[in-house]
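Peer 1: Fold the stuff below for me.
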Amino acid sequence: MNLSDTQPRVTRFFNDFAPTYFSRYEMRNQDGHSFRIRKQRVLEGLHDLPSGATVLDVGCGPGVMIRELLARDFRVIATDIAPAMIEECRRRFGDEPRLTLAVTSAEQLPVADSSVDAVIAMGLVEYLPDDEAVLREFARVLKPNGRLIVTLPHEACPSRLWDRLTKFLARPIVLAVRRARGKTIPQVIHREYRVNTYRQLCEAAGLNVTNVIFYNMKFFLRPLDRLFPSLGVWCSERLERFGRTPMIRRLGTGFIVFGRKHSPNQ
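Peer 2: Residues are numbered from 1 along each chain as shown. Next comes the predicted model:
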């Protein structure tokens with residue numbers, strides 16, 4: 001896919017999801033659990049941020065984090081490339097004076113240099129064509145020693161490896177069926193990552209990785225996760241405590257990178 005086509009494709013993709021995106025957090029299956037535990041872990045990473053701090057939520061969607069961030073007395077800047085997502089935010093939180101909303105790309109944030117205390121990016125970077133440019137932009141807007149929290153799909157977990165294999169085997173059949181029905185498969189970029197690779201990207205951008213935690217410890221592979229959704233969620237909920245352990249964390253379908261911007265004396 002031509003990288004110049006990525007932005008409009010991603011914009012259309014998320015515009016379509018704007019009215020129903022919140023419902024994903026309420027699903028009583030493995031996908032819903034993944035959304036909920038990801039949000040919980042990101043909020044835990046902000047627990048010691050002082051009242052009045054400025055948090056930049058890049059790729060904010062319809063505002064899934066905004067209520068909790070405002071409840072902690074943060075000033076919130078929320079951006080998204082999809083206008084429909086920002087409209088949802090305005091509909092829900094438009095009168096809040098501590099909230100600033102903007103339709104913009106992650107590579108060109110309308111924020112002054114060294115002006116925010118924390119940047120969070122949930123479900124964002126995997127859809128972008130240039131990781132280095134985005135991380136440099138995050139580093140630009142962060143204050144010295146400001147914190148970064150980024151969630152990423154985990155490339156090497158067993159369930160993603162299994163999904164890639166089954167999709168590869170089934171792709172000819174799926175394509176044939178869709179062509180017969182006159183449908184096309186939307187070409188939207190969705191990367192998966194390994195910890196060491198992303199750590200190196202962060203360091204090159206002037207961001208020091210301080211912690212990594214995995215989430216959504218998925219034990220059931222497809223189609224078992226679809227056949228027994230409640231049991232799959234029950235197992236994952238009990239395994240989440242092992243998100244930092246060397247072995248069990250490998251089951252996590254995603255991981256969260258916690259970092260800090262290098263201060264001048266580093």
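Peer 1: any idea where the strands of the stretch 51-200 of the chain begin and end?
Peer 2: With DSSP state E, counting those that start in this stretch as the criterion, the stretch 51-200 of the chain has strands at 54-58, 75-80, 99-103, 116-121, 142-153.
Peer 1: Adding mean neighbour count, write these out as CSV.
Peer 2: To be clear about C-beta, it is placed using only N, CA and C from the backbone, and glycine gets the same treatment. Below are the strands of the stretch 51-200 of the chain laid out as CSV (neighbours: other Cβ atoms under 10 Å):
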stretch, mean neighbour count
strand 54-58, 24
strand 75-80, 24
strand 99-103, 17
strand 116-121, 23
strand 142-153, 21
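Peer 1: buried residues in the helix-or-strand element of the chain with minimal mean pLDDT?
Peer 2: Counting by mean pLDDT, DSSP states H and E, the weakest-scoring helix or strand in the chain turns out to be helix 158-180, with a mean of 79. Buried residues in helix 158-180, counted by 16 or more other Cβ atoms under 10 Å: 159-160.
Peer 1: contact partners of that helix?
Peer 2: With contact meaning Cβ atoms under 8 Å, 6 or more residues apart in numbering, helix 158-180 is reached by 153-154, 184-185, 192, 218, 221-222, 225, 250-251, 253.
Peer 1: Of the residues you listed, keep whichever come out buried.
Peer 2: 153-154, 192, 218, 225, 251, 253.
Peer 1: Helices - which of those residues land there?
Peer 2: Using DSSP state H, residue 225 are the members of those that sit in helices.
Peer 1: and of the buried ones among the contacts of helix 158-180, the nearest to residue 260?
Peer 2: Set against residue 260, the nearest of the buried ones among the contacts of helix 158-180 by Cβ to Cβ is residue 154 (22.2 Å).
Peer 1: Give me the pLDDT for the closest one.
Peer 2: Predicted confidence (pLDDT) for residue 154: 97.
Peer 1: on that earlier part again, report the two of the contacts of helix 158-180 separated the most.
Peer 2: Using Cβ to Cβ, the pair of these lying farthest apart is 184 and 250, separated by 35.1 Å.
Peer 1: what residue ranges in this structure are flagged as low confidence?
Peer 2: Counting by pLDDT under 70, the chain has low-confidence residues at 1-6, 171, 174-175, 177-178, 183-187, 265-266.
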